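*Asks:* no sequence on hand, only this structure:
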């Protein structure tokens, strides 16, 4: 793809798989207080209930949509020109930023001037932007001054999924609609462990949560293409998908494809963890084409700049890397500023030492120089950079456990405490912060992680990798970790970093990315249900209703992965007629357990009274008729 | 396969995939108090630690082995003759059973006499066995009379995994072995929610738990081929795999293959849920070749006998079916005796009604006749049959929820309370009991299920299907349910019934069976870790040590699925040399986080003092040497 005679930047094409419409789905936009606040959602239409089950119309279901313009048939996608800069006007209007004549980073300028890179380079014509001298452009800064930004309003609309309007119009449609609204919105009370989730998210609530530090909107002013989203425990649980090449494998095109594939299936943010060739150029392509926030670990690139020798890293090189990436538009940086010199020896007796790449780099630097971690000593300077572009901190857990053996040890918890101190410093600068967490933790120790994070980091959003709940299943660590992720999400974790089936074994390909995303999407949703997040159960209820009524296509389409559900179904019952069959391959027609309930309901309907009352009455006198009526229900099949 | 000219019972062959040796694994037998108590385990050998990491020998790891003789190269497997009857002598010795001249079941005799079935029939030459008149042959009955059966001793040995002897010999081998034993056995304290797990399982403890009703050994006297295993919350968490044909699909050979494939990957019991053709003959082949207990839902077959019309079911037909299956050797029966007439109307307002096939059959029968469930009214007669063969009850949850919407409702909990009453009746007869549980339950409602079960059913072992924690991921319900299964296992559930990726969509094939088994095996293990089950962490620790030391093959082999782990690794780094590479494809050589810890340790070793002390000292004066030493560690690669 990168051969000299076919320059990548002329031939690059969007992955066709990423722009296919999702079945029976429509992109809708909910407009906010101004016409340029247009919040995308996905509306999944449903078939009517079969007449044998009542024949009512089933309303469309609205779901959160991370896929950006790729799934909007009205948008022409060309990865060579990138996405539209939907936030550009909002950023300009604030009049606290300026366009720069040139990149501020020396390395950035070098790369821009290197003709050998021309074929690889994304042709961005827009100038980089930075806060005016002395200005702070972070969402937290605005929030603390009482300003509700368009970004805040956008995420408020997004989180609500227009539930109120939808239910109101359903109820207004008559008794049938009222019944449907009641059915869809019935939800079990949640267990919230102190989370304070309102029935409806208002822009003011968003502002308040951001001001308080309990939520962040990662939204670099140089990534105006991003659709704002919020990370905090009083909002929907989010998930992150990691992509990135390594020295061993992968190209720019593949990484862009992984990003578009990941957001199609539900990635709320993407981290580009590239450590191989052309990291700078790869990142540019990803950001320009990403509607979701992009996170990075800048120390990876800094290490490449010093030929892989951790001891040669300097604050100056690192600082230049931060600025380089901030001016490209990275929305959050993992910064391993909590790996303190005194914690490093605590890892010597571990089973698996330091498993965070960033953590190991900083530990090596500390040992080599016998100096305190320069990310820690220069932390306030880092804050100055962050607030000039609104890059959020993702304070890295460089000492996270790499095995069940090492879970919740002194090194890990010591670092977490330090991250709490750094949070206070960042907040002093009005810089947005989230806190990274483990890793490998057996179930009974997961809650301690969440509780300590809330306490020590003063409720800054927690962002964890899994955690994996056992080490004995390589090849299935998306599942060992989804078990832990669902739990910590329930306890209050705001964002779950996915783990793919390839974890510990190899780099994920596109299939692995999808498997990881869907696995984490379902874990995050299980957490939302457990917290009793308002409206979370609507999709479950709609899918269960479709399942009960043998609306197979609706069952597939309401699920997280319609393609797989359909192909699994077709393996056993491939004929189209089976899609309307009132039984399924698991049981066959004699054993269909769904039928009996319909018998019960039909009987009730005949009596013209409530199902339960009818049954009580009917069972006393009419058991013979019931047998006759029920036995004929499915004769037509 | 069943074509007339190639009789199945002459051509049937074992699935070759099921008899391949597992990599670096050896079948071992631990002998009990008598030579015919030979308890199988799997010993996984390990490579030495690479010299750069210390070069020590790594001891073999012993793991629980459900695969039976299939993985013993010394045993010649012929599915046409079935497995050896290892328990035959134990059963005979007790002198409380008698061989029958003919089958007691009328249906069984009909099938035996039907010449058309000759080509399909497993040729069992052994006569059926039954308790002598008035005798009770249940393990619970023996336990309550203070008798420790060979079966009880067998499971005690099996649960311990010879841990004490293994660690003693390791410690006796010198300081290196002592260190290794310390490393391998370090384990986090568990959270047990009232479980009382001893450090070592004795035969007397097993007897006591069975007498108390807190555990069962499903061990029909007509299934002498089975290797005893125990189900109870003070033992290792077990998993069940479902197989079975339906009217739509599958053959006898396929079902036997699913069984041998399921036990290879860890199924502790198998349920044969066949509802299609030749259920009787299919079951015979499965039982004769199964080293694990087999469970069934007899009502499925009874329904086939009445042409699929639930209302035509009678106690007599059902009773004959119980006896038919008991004399084949089924180890536990799901009996939906808790679906009471008064609970059925409670399901009318559900989202998904009654989803249990057995539950729906009984509900239909109750409604049609307006009579109480005959399984309930004849429960004591069922107990009489159970104790004559030692079939255990799996009291079915016919009213389990089929959606998040219906979780923990009155119908479900009402039935559970009834199951508690039935447990007391069964125990009065010294019949072993476990209780089936849901289903679809959001995380915050799972614990209520476990707590109520323990209370209402007086700690009889709980056996749950999942539960699924969300309904929005068809195609991934092995994962939505593994999240719930791990949790309920932690809370005290004794056995987890697997869910495959095909749940709700189709019948599982062999791949799905494996995916389901491994997923549940890891969930059960995560639960064991969370409970702090003694020794549970040894395998995690060994695998983590292998991971840290880049012993790739050991990492694969110690995992639940060596084949998949190896193939995933080889996708990215296919060369054999990569198996000894001291870095991996995820990070490449520059970013290997494992290296820094080794640097730390090596430095410590040079100082001849403990790693932590050395570092504290070294960092103060020798940072320059550290850089030199550490930098060279991997030069040879």
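*Replies:* Thanks, I have it. Computed from a prediction, not measured in an experiment: that's the story for all the values here. Residues are numbered from 1 along each chain as shown, chains lettered A, B, ... in the order given.
*Asks:* most proximal residue of the stretch 51-200 of chain A with respect to chain B?
*Replies:* Going by C-beta to the nearest C-beta, chain B is nearest to residue A:191 of the stretch 51-200 of chain A, at 4.0 Å. Every C-beta, even on glycine, is put in place using the N, C-alpha and C of the backbone.
*Asks:* surely that residue touches residue B:447?
*Replies:* No - using C-beta atoms under 8 Å as the test, residue A:191 is too far from residue B:447 to be in contact (9.4 Å).
*Asks:* what are the ranges of the strands in the stretch 151-300 of chain A?
*Replies:* A:215-216, A:231-232, A:238-243, A:269-272, A:294-296 (DSSP state E, counting those that start in this stretch).
*Asks:* and chain B, which of those is closest to it?
*Replies:* strand A:238-243 (10.0 Å).
*Asks:* ok, and what's touching that closest one?
*Replies:* With contacts defined as C-beta atoms under 8 Å, 6 or more residues apart in numbering or on different chains, strand A:238-243 is touched by A:229, A:231, A:255, A:258-259, A:262, A:266-274, A:286, A:295, A:463, A:494-498, A:508, A:513, A:516-517, A:520-521, A:523-524.
*Asks:* show the buried residues in those residues.
*Replies:* A:229, A:231, A:255, A:258-259, A:262, A:266-274, A:286, A:295, A:463, A:494-498, A:508, A:513, A:516-517, A:520-521, A:523-524 (16 or more other C-beta atoms under 10 Å in any protein chain shown).
*Asks:* and these, which of them are in helices?
*Replies:* A:255, A:258-259, A:262, A:286, A:513, A:516-517, A:520-521, A:523-524 (DSSP state H).
*Asks:* filter the buried ones among the contacts of strand A:238-243 down to the ones close to chain B.
*Replies:* Contacts with chain B within the buried ones among the contacts of strand A:238-243, counted by C-beta under 8 Å from any C-beta of the partner chain: A:521, A:523.
*Asks:* least trustworthy helix or strand in chain A by mean pLDDT?
*Replies:* helix A:623-631 (a mean of 36; mean pLDDT, DSSP states H and E).
*Asks:* which positions in the stretch 201-350 of chain A make contact with chain B?
*Replies:* So far as C-beta under 8 Å from any C-beta goes, the stretch 201-350 of chain A lies against chain B at A:246-249, A:275-276, A:300, A:303-304, A:308-309, A:311, A:341, A:344-350.
*Asks:* let's see which of those end up in helices.
*Replies:* Checking these against DSSP H, those in helices are A:300, A:303-304.
*Asks:* get me the contact residues on the stretch 51-200 of chain A for chain B.
*Replies:* Residues of the stretch 51-200 of chain A lying close to chain B (C-beta under 8 Å from any C-beta) are A:183, A:186, A:188-191.
*Asks:* go again using 6 Å as the cut-off
*Replies:* Neighbours of chain B within the stretch 51-200 of chain A, by C-beta under 6 Å from any C-beta of the partner chain: A:188, A:190-191.
*Asks:* for chain B, see how far away residue A:230 is.
*Replies:* Residue A:230 sits 21 Å away from chain B, going by C-beta to the nearest C-beta, to the nearest Å.
*Asks:* residues in contact with that residue?
*Replies:* The contact partners of residue A:230, by C-beta atoms under 6 Å, 6 or more residues apart in numbering or on different chains, come to A:155, A:215, A:217.
*Asks:* report the buried residues of stretch A:51-71.
*Replies:* A:53, A:58-71.
*Asks:* hmm, who's touching the one helix or strand residue A:448 maps to?
*Replies:* If you go by DSSP states H and E, residue A:448 is part of helix A:446-456. With contacts defined as C-beta under 6 Å, 6+ apart, helix A:446-456 is touched by A:416-417, A:420, A:435, A:437, A:462, A:484, A:487-488, A:491-492.
*Asks:* change it to 7 Å
*Replies:* A:408, A:413, A:416-417, A:420, A:435, A:437-438, A:441, A:462, A:467, A:484, A:487-488, A:491-493 (C-beta atoms under 7 Å, 6 or more residues apart in numbering or on different chains).
*Asks:* buried ones among the residues you listed?
*Replies:* For the contacts of helix A:446-456, buried by 16+ other C-beta under 10 Å: A:408, A:413, A:416, A:420, A:435, A:437-438, A:441, A:462, A:467, A:484, A:487-488, A:491-493.
*Asks:* go through these and name the one nearest residue B:363.
*Replies:* residue A:487 (35.0 Å; C-beta to C-beta).
*Asks:* neighbours around the nearest residue to the closest one once chain neighbours are set aside, how many?
*Replies:* Counting by C-beta to C-beta, 6 or more residues apart in numbering or on different chains, residue A:487 lies nearest to residue A:446, which is 5.3 Å off, once chain neighbours are set aside. The number of residues packed near residue A:446 is 27, by other C-beta atoms under 10 Å in any protein chain shown.
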